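Participant: Predicted model, plus sequence, below.
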Amino acid sequence: MAILKVARLGHPVLRQQAEPVAPADIRSAHVQQLIDDMIETMHEYDGAGLAANQVHVPRRIAVIEVGKNPRYPDAPEIPLTVVINPVVTPLTEETEDGWEGCLSVPDMRGVVPRFTGVRLECLDREGKAVDLVAKEFFARVLQHETDHLNGIVYVDRIRDMRTFSHIAEWQRYWLGIREQSD
Ligand code: NI
């Protein structure tokens, strides 16, 4: 296991369209090692999720987990989820504003509208098909991570850039003012 270097905003890999993983490759030692390293990297930096582009590998893999996380103290928990070749389809036209951050945009937060419910179709780390409905914060994180795989960073989706805040000022001036969903 290894902690991988995380690309920061401005690195071109974050703007790359990630390539699908061939189902036959999912169980290879190489892909399994990458998944383990992504999980360890996400834990090390207290991320809620991590997409492979963020560790300089433009493949359609993301890991998500929210336990007790100091970066997201009020977030509902999400069990460790590995998504490969995800297709995320909105189940509603309704969106909700919520705060997001990103390990590739260190120490910043911004308000992003996201669909409140999505269908996730993907493969898991064994290559098995997954088809589930995700709501609220899990739906938000899935949209954030699949955006990464399409070269989109959450900053692109901030509707009101006046919310874009350094975390110290966010804690002082914003926390608890807007409905907080992350
Ligand atoms: Ni991110």
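Facilitator: Structure received.
Participant: Could you pull up the residues touching the residue sitting nearest the centre point of the chain?
Facilitator: Residue closest to the average C-alpha location in the chain (Cα atoms, centre = their mean): Glu145, at 3.3 Å. Counting by Cβ atoms under 8 Å, 6 or more residues apart in numbering, Glu145 makes contact with 49-51, 62, 64, 83, 86. To be clear about C-beta, it is placed using only N, CA and C from the backbone, and glycine gets the same treatment.
Participant: looking at this, it is in a helix?
Facilitator: Yes - counting by DSSP: H, G, I helix; E, B strand; the rest coil, one finds Glu145 located in a helix.
Participant: quick revisit: out of the contacts of Glu145, which two sit at the greatest distance?
Facilitator: The largest separation in the contacts of Glu145, counting by Cβ to Cβ, is between Leu50 and Pro86 at 13.4 Å.
Participant: which of those two has more neighbours?
Facilitator: Leu50 (28 against 19; other Cβ atoms under 10 Å).
Participant: Quick one: residues contacting that one.
Facilitator: Taking Cβ under 8 Å, 6+ apart, one finds 6, 38, 41-42, 62-63, 103, 145 in contact with Leu50.
Participant: Any stretches of this protein with poor pLDDT?
Facilitator: 176-182 (pLDDT under 70).
Participant: do that again at 90, thanks
Facilitator: Flagging of the chain using pLDDT under 90 yields the residue ranges 1, 67-77, 174-182.
Participant: which parts of the longest strand seen in it are buried?
Facilitator: Criterion DSSP state E: the longest strand present in the chain is strand 78-90. By 16 or more other Cβ atoms under 10 Å, the buried positions in strand 78-90 come out as 78, 81-86, 88.
Participant: For whatever helix or strand comes next after that strand, enumerate the helices and strands it packs against.
Facilitator: Moving toward the C-terminus from strand 78-90, the next helix or strand (DSSP states H and E) is strand 95-102. Strand 95-102 makes packing contacts with strand 105-115, helix 136-149 when contacts are defined by 3 or more Cβ pairs under 8 Å, 6 or more residues apart in numbering; DSSP states H and E.
Participant: so what's in contact with Leu50 and Pro86 at the same time?
Facilitator: Common contacts of Leu50 and Pro86, defined by Cβ under 8 Å, 6+ apart, comprise 62, 145.
Participant: Check the burial of Val13 by counting its neighbours.
Facilitator: For Val13, using other Cβ under 10 Å, the count is 16.
Participant: now the residue nearest to Pro76 when sequence neighbours are not counted: how far from His56?
Facilitator: Take Pro76 and drop its neighbours on the chain: the residue closest to it by Cβ to Cβ, 6 or more residues apart in numbering is Phe137, 5.2 Å away. To His56, Phe137 is 27 Å away according to Cβ to Cβ, to the nearest Å.
Participant: No further queries at this time; thank you.
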